[in-house]
Structures are given as C-alpha cells and as structure tokens.
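> 3D model of this:
(4 chains)
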There are 2 protein chains.
Amino acid sequence: MEKSFSEIKELLIRKGLKATHQRIVIYHLLFNSFEHPTAELLFDKLKINNPSISLGTVYKTLDTFVQTGLAEKVLSETGSDRYDANLSSHHHIYYTDTKEIVDFYDSELQDLIIAFLNKKSIPNLKIKDFKIQIHGEKIDMVENQIN
Amino acid sequence: MEKSFSEIKELLIRKGLKATHQRIVIYHLLFNSFEHPTAELLFDKLKINNPSISLGTVYKTLDTFVQTGLAEKVLSETGSDRYDANLSSHHHIYYTDTKEIVDFYDSELQDLIIAFLNKKSIPNLKIKDFKIQIHGEKIDMVENQIN
DNA sequence: TCTTAAATAGGAATTATTCCTATTTAAAAT
DNA sequence: ATTTTAAATAGGAATAATTCCTATTTAAGA
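Down below sits the predicted model:
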C-alpha cells in the first residue's frame, strides 16, 4: 500500500513532527524500499531529486523516525545501520551468501511464539516484542533443476 | 565449564590456528565473559595482564574466531560490535532500559521452532540457524513487592 | 637450534555516525 | 496574507569504531 506525500504529511503531524519536505521524501523512499537501506543508500537516491539534501539530515531524520516509532533499525552484522519503515510484525531472512535481508511473514510462527511467551513468563522481564533472524544460503532453483 | 589455557591451545590447533599467547588470552577472557563484550572492553581488561597487546590484534583475533566458528557476533543496535564464545544454541534478551544483553536458553522454544521450520520449508532457502531477540524492560522484583 | 610463514604492535587511514552553527522553513500568531 | 519564532536543515568539522599497513616478533616444524 503506497502512501502519498499528503498521507505522509498527515502521519508526521499525527506523530507531533514538523512535516518538512526532507522528512516526507525520506519517509516515502524508506517506506517503498524493500532492501532495508542504509542512510548512505537513501541519501544517494534522494540526491537525484533533492540535490541539496544533506547526509546529516538523513541520519538525524532516521533517528527521529525510530524515536517516534515510524521506523526501526534492522540488526545487521555488516557495518552500517539499516532501516525499515514496515512495522507490521515480521521477521528477517539473512542470506549469508548474498548479504540480502528479506522480510519474512508467517502468522503461524508468530502465533506459536506469542503463545509460548505468554505461557512462560521470564522472571524480571516485561516483554515488548521479539525478532527472529533466520540465517541461510540462497538456493538457485533454476540451477538446481539443470544439474 | 572453565577452559584451561592448554585446552584452549588444543582447541586453536584443532581449528588450524597458530596458538599464540594473544589468541589464548583473548579466547579465555571472551569465553568467561557473560556480558557479550566489545573489542574495546576486552582490550581494556586484557591490558592489565598483557600490557603490550594491541587493539588491532583484538579486533583481528575476534574476526578470526568468527571465521573459524569459535565465536560469533551478537547483533546489537548500540554502536560497537559485541562478541560471544558461547556457541550452544541460545537466544538473547535485550533489556531496552539497561542495554544489557542476556543469554536465554529454552529447549522447549528451541524445539518448537525447529519443528516448525522443518515442517515448513522456505522457497530458495537452506536454513543454517536462527536467532531470536526478546526485547523488554527489566522489572525490579524487590521494588515491585514494596509498592 | 634454525628457518620461515604467520601473527603482532603501533599507529595511520578509512568508514560510519554525530555534532556544530549559520541559515532556512513550517506553522502558529497576528 | 504577513510576521514571528522555534525547530529543522546544509555543510562541514569532529568523533567513534574498525580496518589497514609494515617492521618486528613468534610459533611450530625441519
């Protein structure tokens, strides 16, 4: 579900943020990215249509989004921080060979773990949420069929 | 289960690594740390008994350990990389307030998820392992009892 | 003990991120 | 519609984390 600039503007205001052009275009690009981009990658793409945008603003804005719950950081072992504005509960598949991080939705798994955690309470911990990373290798199906 | 220096030496050799003094003391300290330390933290502690050890060596050695499967990086949102030499399958509790990362063992949860993943195969993915982070706040039980 | 390939120390270089401040801008007040 | 003002931005400097470089040292095998 695509979000228009005016919808994003409303969203920012609803979160108590000043709806600046930079925030709108950063949110728009992040929301429509599926590769969990770094600040630098977003910056490079944004520069095309917003030549005067600065990298510092991209960093600061992403941090603002994380603080206000509009985005989250995706944990990654590869140097830079990566971000995600898709906040529906989902997990991630980490392809160890290609370094891709791909969204993984599975309500059955989700329900299974929620049920487990609700049943078994962990001493001294108030659970807010949980994340799963599934690590593995990409299997090229076409290649497999040929061989 | 504590590991002696000579056991660590054997372990390094078994992995095809030269059993240098630096590697032995770094492994020993990491293996006996439960806070998932950063390279810098290990370095500060190691300096006490090994004044000439260098930070570069600590970084390089940790990387060598990860490559050879003697340790792994623990995903974290807080600046520096953190490491763990405890390789028995376990997950992590992230205390959002105290920033602690604590090991979490639960064979029931482990079995539940393994059974699920075995049953449901994900197209084009050969699963190697998976990690769960449970995020939450620390509840101080004593304080709770008083109030 | 000697040889040698690999590892280390120490510091320089690089990368990622945060910080600083003069200028600009969104939005509230007029 | 204009003015006001507090907050946000651009641009670059500063900092933090990590990697790289190379002369020296060392583990392990001959």
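> Near DNA strand C, which residues of chain A are found?
A:12-13, A:18-21, A:38-40, A:55-56, A:59-60, A:63, A:79-81 (C-beta under 7 Å from any atom of the strand). From N, CA and C alone the C-beta is placed, and that goes for glycine too.
> Report the buried members of those.
Buried members of the residues of chain A next to DNA strand C, counted by 16 or more other C-beta atoms under 10 Å in any protein chain shown: A:Leu12, A:Ala19, A:Thr38, A:Ala39, A:Asp81.
> Considering those residues, which is situated nearest to A:Lys138?
Nearest to A:Lys138 among these, counting by C-beta to C-beta, is A:Thr38 at 20.9 Å.
> Now the closest residue to that closest one other than its chain neighbours: phi and psi?
Among residues not flanking A:Thr38 along the chain, A:Ser80 sits closest, at 4.1 Å (C-beta to C-beta, 6 or more residues apart in numbering or on different chains). When quoted as degrees, to the nearest 10, the phi and psi of A:Ser80 stand at phi -80, psi 150.
> OK, contacts around A:Ser80?
When contacts are counted by C-beta atoms under 8 Å, 6 or more residues apart in numbering or on different chains, A:Ser80 is found next to A:Thr38, A:Ala39, A:Glu40.
> Report the beta-bridge partner residues of the spatially most central residue of chain A.
Nearest to the mean C-alpha position of chain A, by C-alpha atoms, centre = their mean, lies A:Asp84 at 1.4 Å. Following DSSP bridges, A:Asp84 is listed with bridge partners A:Glu72.
> Surely it and A:Thr38 touch.
No - applying C-beta atoms under 8 Å as the test, A:Asp84 and A:Thr38 come out as separate, 11.5 Å apart.
> intersection of neighbour lists for these two?
Between them, A:Asp84 and A:Thr38 share no contacting residue, judged by C-beta under 8 Å, 6+ apart.
> how about A:Leu29, secondary structure?
Secondary structure, DSSP: H, G, I helix; E, B strand; the rest coil: A:Leu29 is helix.
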